[in-house]
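In: Build me a structure from this.
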Amino acid sequence: MTGQYIQMKAADGSGTFRSYLALPEAGTGPGLVIAQEIFGINHTMREVADYYAEEGYVVLVPDLFWRQEPNVELGYSEADWQRAFALYGGFDEAKGMEDMQTAIDALRGRAEVPSKKVGVLGFCLGGKLAYLAACRTDADVAVGYYGV
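Out: Below is the predicted model of the structure:
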């Protein structure tokens, strides 16, 4: 199973950003926004999205660093860690939450999510973002693993 990238318009009208979309074999299911780790929508985040799609979810992983640098996909080398923390240092959490809400709304608007139920899941930085999504978005559920 492989996903695809889609484009979404920012709610504030400042541009568009990509998200990785993975669909379940059944074609429909509940929505799940996965909040990226500090490394962007890298191979690991796409694998996680594909895994949850295999479990029956319609999964979307938005590029939350797009306002600084679109399409970040870092590995785990020392240089990548340094670059990731530099990006995080300039990350605007309020705008990031607007973009998370855009992703939630995008899933609710897809025919593949007939229930309109959408959760948020995240690891590390994404764990923190999942917590913030529980506080600042209308997600139906949020789960954060080892949040910052």
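In: Pick out the residue nearest the middle of the protein.
Out: With distances taken as C-alpha atoms, centre = their mean, the residue of the chain nearest its centroid is V61 (3.0 Å).
In: what residue ranges in the protein score low on pLDDT?
Out: 1 (pLDDT under 70).
In: That one: helices as residue ranges?
Out: Ranges of helices in the chain, per DSSP state H, are 43-54, 78-89, 93-108, 125-136.
In: How far away from the center of its chain is the first one?
Out: When C-alpha coordinates are averaged (C-alpha atoms, centre = their mean, to the nearest Å), helix 43-54 and its chain have centres 11 Å apart.
In: so what's the nearest residue to P30 once chain neighbours are set aside up against?
Out: Spatial nearest neighbour of P30, excluding adjacent residues (C-beta to C-beta, 6 or more residues apart in numbering): K117 at 4.8 Å. The C-beta positions use only the backbone N, C-alpha and C, and glycine is treated the same way. When the contact criterion is C-beta atoms under 8 Å, 6 or more residues apart in numbering, the partners of K117 are P30, G31, D140.
In: Got phi/psi on K117?
Out: Dihedral pair for K117: phi -90, psi 130, per degrees, to the nearest 10.
In: how far away is the closest residue to E37 other than its chain neighbours from Y88?
Out: Using C-beta to C-beta, 6+ apart and skipping the chain neighbours, the partner closest in space to E37 is C124 (4.9 Å). To Y88, C124 is 10 Å away according to C-beta to C-beta, to the nearest Å.
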